[in-house]
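# Give the three-dimensional model of this entry:
(one chain, ligands or ions: 2)
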Amino acid sequence: MIYTITFNPSLDYCIVVKDFKTGTINRTVREQIYPGGKGINVSIVLKNLGMPSTTLGFLGGFTGDEIERRLKEQKIRTDFIRVPEGMSRINVKMRSGVETEINGSGPVIGTDEMSRLYEKLALLKEGDTLVLAGSIPAGMPENVYQEILRTLEGKKIRTVVDATGALLRNVLSYHPFLVKPNHHELGALFDVKIDTKKDAAVYGEKLQQAGARNVLVSMGAKGAVLLTEDGQILEKDAPGGTLVNSVGAGDSMVAGFLAGYEKYKDYEKALWYGLCAGSASACGEGLATGAQVEKMLAEKI
Ligand SMILES: Nc1ncnc2c1ncn2[C@@H]1O[C@H](COP(=O)(O)OP(=O)(O)OP(=O)(O)O)[C@@H](O)[C@H]1O
Ligand SMILES: O=P(O)(O)OC[C@@]1(O)O[C@H](CO)[C@@H](O)[C@@H]1O
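Ligands and ions are numbered 1, 2, ... in the order given. As a prediction, this is how the structure comes out:
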């Protein structure tokens, strides 16, 4: 079974505003609301690609209820822990020529709720996959991802981490199966600017040297570089298409990679699956559907 953890789920309020201006009233020309948070997005795209998963994490308030209701509506298995105070955040994603995002900080997670998460994680079995993705709520220690990987050590659970900064750096020595920074996030870890696939490979290799088994560096419209545990460096352009909404493109790529790897046990095909899922999300409204990904796979492989 695949499990995704979203520490800080959200309702993504996606709006289109014509000529947005600060300091005045702007009105939307289009608005949509989706359940969000990186782990949740991975679960949604996995479901769209025919792979079941269970969403773990923390929810609070009426926004938390709505996130869960929408996931259940999509027949996605949920096993969230409720926080007694505060509400899950609403993240604003605005398109007005460019994309602007305002992400909330989310409710405080208490020690009781954290213990309940560890109880759930203790039930994971050999062969399961755990995806840790996204930011953590304010006040939570930055070693939390590392602690989770530490408790799973030796259990033969495949771990995937899509996080930034210290959250990512701290897990590397626990040999995650996959880490997926984008090129900006990878550059920030080493205080460099990464613009080319060659540089992405150079710095991606440093993550492998620090312990990651496979490193997938996504580069937006430019595609991605995959460094595999068997020593391959695979570079691939993204399938073409016009950007509509990049929210969740990276999460879709993680889902596509996992689905492709599960299906073919082949890194090159998994990379291509990931790219097609990422691009199908980026070039359409909402997250990639199974049909959109299939269409891209069929056209370009
Ligand atoms: N403008 C685009 N055109 C086509 N494909 C895109 C575009 N942007 C992203 N993608 C696809 O999605 C994948 C992941 O994108 P990106 O590198 O932006 O991830 P990310 O920064 O983690 O995304 P996000 O944080 O927006 O979810 C890319 O490798 C590519 O396949
Ligand atoms: O604040 P975080 O946890 O880093 O990112 C949260 C978020 O921006 O990531 C997803 C897209 O990847 C959205 O659904 C969600 O709003």
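
# how much space between the closest residue to Arg169 other than its chain neighbours and Ala210?
Excluding the flanking residues, the one nearest Arg169 by C-beta to C-beta, 6 or more residues apart in numbering is Leu189, at 6.2 Å. Every residue, glycine included, has its C-beta placed from N, CA and C. Separation of Leu189 from Ala210 (C-beta to C-beta, to the nearest Å): 10 Å.

# more neighbours, the two?
Leu189 (19 against 16; other C-beta atoms under 10 Å).

# For that one, grab phi and psi.
phi -60, psi -30 (degrees, to the nearest 10).

# tell me the contacts of it?
The neighbours of Leu189, taking C-beta atoms under 8 Å, 6 or more residues apart in numbering as the test, are Gly165, Leu168, Arg169, Pro181, Tyr203, Leu207.

# just Leu234 next, same as before
Per C-beta under 8 Å, 6+ apart, neighbours of Leu234: Val225, Leu226, Leu227, Thr228, Tyr267, Glu268, Leu271.

# isn't the second one right next to Ser218, touching?
No: with the criterion set as C-beta atoms under 8 Å, Leu226 and Ser218 do not qualify as a contacting pair; they are 9.7 Å apart.

# picking that back up, mind listing the shared neighbours of Leu189 and Ala210?
In contact with both Leu189 and Ala210: Arg169, using C-beta under 8 Å, 6+ apart.

# From the contacts of Leu234, keep the buried residues only.
Among the contacts of Leu234, those classed as buried by 16 or more other C-beta atoms under 10 Å are Val225, Leu226, Leu227, Thr228, Tyr267, Leu271.

# which residues of the protein fall in helices?
Listed in chain order, the helices of the chain (DSSP state H) span 38-48, 61-73, 111-121, 144-152, 165-169, 183-190, 197-209, 249-264, 267-282, 290-300.

# can you redo the ones you listed as CSV with mean pLDDT and distance to ligand 2?
Listed next are those as CSV, based on pLDDT from 0 to 100; distance: least, C-beta to the nearest ligand atom, whole Å:
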stretch, mean pLDDT, distance to ligand 2
helix 38-48, 98, 5
helix 61-73, 98, 11
helix 111-121, 96, 16
helix 144-152, 96, 12
helix 165-169, 93, 10
helix 183-190, 97, 10
helix 197-209, 98, 19
helix 249-264, 97, 5
helix 267-282, 97, 9
helix 290-300, 88, 17
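
# Alright, that wraps it up for me.
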